[in-house]
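Q: I'd like to go over a predicted model; first the sequence, then the structure.
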Amino acid sequence: MYKPELEMEPRDRRLERKWAAVRSLLDSAAERSREFKSRLARAGIKAREVRSFADFAHIPPLRKREIIELQAEHGPQWLLGCGLGELRRVYQSPGPIFDPEGAGHDYWGWTEGFWAAGFRPGDLVQMTFSYHLTPAGLMLEEPLREIGCAVIPAGPGNTEVQIELMTRLPVTGFVGMASYLKVIGHKAVQAGFDLRRDFHLRTAFVAAEKLTEALRSEVEQAFGMTVRQGYGTADVGAIAYECGELGGMHVTSRCWVEVCDPETGLPLPAGEVGEVVVTPFTADYPLIRLATGDLSFFKTEPCACGRTSVKLGGVLGRADDTAKVKGQFIYPSQAVEVMAAFPAIKAWQLAVSNPGGRDALTARLAVDRDLDQEAFVRAFQKRLKLRPAVELLAPGDLAPDSPRLVDLRSFQDAG
Ligand SMILES: [Zn+2]
């Protein structure tokens, strides 16, 4: 392990350490970040009166959309805990959003995750994320330098050159998107290479897309290598990462992570699906309770790897892609499985309405043949715990790219 004293520390001691880090961040942010000062003032909270994680949970989350708006209105320095010129780098990501990189050792906090993925001193690693404007390339190069790996800053694209590098040099590591590694493999095979004999890949760290188990095992088997993923954002860096045992992603030691009800912003018990809310311990850019918009849940059972941190059970979808119906969150990602079991359904949409002030859920199904509606409703209710009304449509009546969830409720009329 990279930092065994942190990664294997008893859970109660970790809570104390993380509380101390959050407490000190609150003090510095309340003094220096104009964004945080005004957020506290609006909520009527005094930083010094936040004495526990329970108090902390009442600080309203900061949404990504708000970062974009505040930066546009006041400039990026509005959210900083230091001067703009004291930062190490400033990136710009689509949004547009400025992503400041503060000073300090292992600023984005990925080293723990890269070690867990299997990178070791002496590895030669090809970096296929971009180095231009967006933080990905430099952000994910830092942990490799930290561990003692050599890096080939290949950047994205130019697949023939990527293949040439990987086959002429003993490249043991890959960082990028798993789907891109698959493309590299396909092109190399077409060009007559043998992925196991002519390549030396042993470890990949992948991010920035949903990694299905099918894609993971396809790439692992093709190259004879290990593929592990990390979860983070361009604002905060590392949030969680996979270990050798898989079964979720360990929360890193460098931030406080909550899984919250997307409506109230309050933490949910382990096992319940909610929005990931993260507070990285980075005083230069103090994003306190940043609501990521990603849906996940905590897994608290011990992991065989020896790390004692809780795990996030993967990213299940986006919080803006959900609605609470009759007090219950529904996630279109859960409906996908139900729909797939009925081949007659060619396209679908869930519509939430509230006739007479009462929530109602309708499954709008474009079918090309008879559908056993009773069996559908049963399967739907079993998976999503709600009984939908069914509206049958002809195949052309619903575009395949229609939103999977539409909320037609009018709260003015609600009784
Ligand atoms: Zn583990």
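A: Sure thing, it's come through.

Q: can you name the residues of the stretch 201-350 of the chain that neighbour the ion?
A: Counting by C-beta under 5 Å from the ion, the stretch 201-350 of the chain comes close to the ion at C243, E245, C303, C305, R307. Every C-beta, even on glycine, is put in place using the N, C-alpha and C of the backbone.

Q: what's the residue nearest to the third one when sequence neighbours are not counted sitting at in phi/psi?
A: Spatial nearest neighbour of C303, excluding adjacent residues (C-beta to C-beta, 6 or more residues apart in numbering): E245 at 5.5 Å. Comment: the main-chain dihedrals of E245 come out as phi -80, psi -10, following degrees, to the nearest 10.

Q: is E245 in contact with G306, as I believe?
A: No: here E245 does not reach G306: they are 9.5 Å apart, not a contact under C-beta atoms under 8 Å.

Q: R65 - how many residues pack around it?
A: By other C-beta atoms under 10 Å, the residues close to R65 number 13.

Q: not counting its own residues, what contacts the host helix or strand of it?
A: If you go by DSSP states H and E, R65 is part of helix 64-74. Residues outside helix 64-74 that contact it (C-beta atoms under 8 Å, 6 or more residues apart in numbering): 34-35, 78-79, 95-98, 235, 287, 290-293.

Q: so how far is the ion from the residue in the chain sticking out farthest from the centre?
A: What lies farthest from the middle of the chain is D370; by C-alpha atoms, centre = their mean that is 39.1 Å. Distance, D370 to the ion, by C-beta to the ion, to the nearest Å: 48 Å.

Q: what does V183 give?
A: To the ion, V183 is 30 Å away according to C-beta to the ion.

Q: now do the same contact list for that residue.
A: V183 is in contact with T159, counting by C-beta under 8 Å, 6+ apart.

Q: in terms of helices and strands, where is it?
A: helix 178-190.

Q: so how far is that helix off the chain centroid?
A: Helix 178-190 sits 25 Å away from the centroid of its parent chain (C-alpha atoms, centre = their mean, to the nearest Å).

Q: quick revisit: return the members of the contacts of helix 64-74 classed as buried.
A: E35, L79, I97, F98, D235, L287, L290, A291, T292, G293 (16 or more other C-beta atoms under 10 Å).

Q: just those now: which is nearest the ion?
A: Distance to the ion across the buried ones among the contacts of helix 64-74 (C-beta to the ion) is lowest for T292, with 21.8 Å.

Q: name every strand pairing with the host helix or strand of that closest one and say which way it goes.
A: Using DSSP H and E, T292 sits in strand 290-296. The partner list of strand 290-296 in its sheet, established with DSSP bridges, is strand 62-63 (parallel), strand 274-280 (antiparallel), strand 317-318 (antiparallel).

Q: among the ones you listed, which is the most enclosed?
A: Per residue and on average, the most neighbours among those fall to strand 274-280, with a mean of 26 (mean count of other C-beta atoms under 10 Å).

Q: which residues touch that one?
A: So strand 274-280 is in contact with 22, 25, 61, 109, 233, 236-237, 239, 254-262, 265, 267-268, 287-297, 312, 315, 319, 329, going by C-beta under 8 Å, 6+ apart.

Q: so which of those belong to strands?
A: Counting by DSSP state E, the part of these found in strands is 233, 237, 239, 255-260, 290-296, 312, 329.

Q: quick one on the thing from earlier: and the residue nearest to C303, what does it touch?
A: E245 makes contact with C303, A304, C305, according to C-beta under 8 Å, 6+ apart.

Q: show me where the chain has its helices.
A: 4-7, 11-32, 34-43, 53-56, 64-74, 111-117, 136-147, 159-168, 178-190, 213-223, 332-340, 373-384 (DSSP state H).

Q: now mean pLDDT too, for these, in a markdown table please.
A: Formatted as a markdown table, the helices of the chain follow (pLDDT from 0 to 100):
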| stretch | mean pLDDT |
| --- | --- |
| helix 4-7 | 94 |
| helix 11-32 | 97 |
| helix 34-43 | 98 |
| helix 53-56 | 98 |
| helix 64-74 | 93 |
| helix 111-117 | 98 |
| helix 136-147 | 96 |
| helix 159-168 | 98 |
| helix 178-190 | 96 |
| helix 213-223 | 96 |
| helix 332-340 | 85 |
| helix 373-384 | 93 |
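
Q: pick the most deeply packed of those helices.
A: The most buried one of the helices of the chain (mean count of other C-beta under 10 Å) is helix 111-117, showing a mean of 25.

Q: does any part of it sit near the ion?
A: No: if you take C-beta under 5 Å from the ion as the test, helix 111-117 misses the ion, and the best it gets is 7.4 Å.

Q: can you spell out which helices and strands pack onto that helix?
A: Applying 3 or more C-beta pairs under 8 Å, 6 or more residues apart in numbering; DSSP states H and E, one finds that helix 111-117 contacts helix 136-147, strand 203-206, strand 226-233, strand 237-241.
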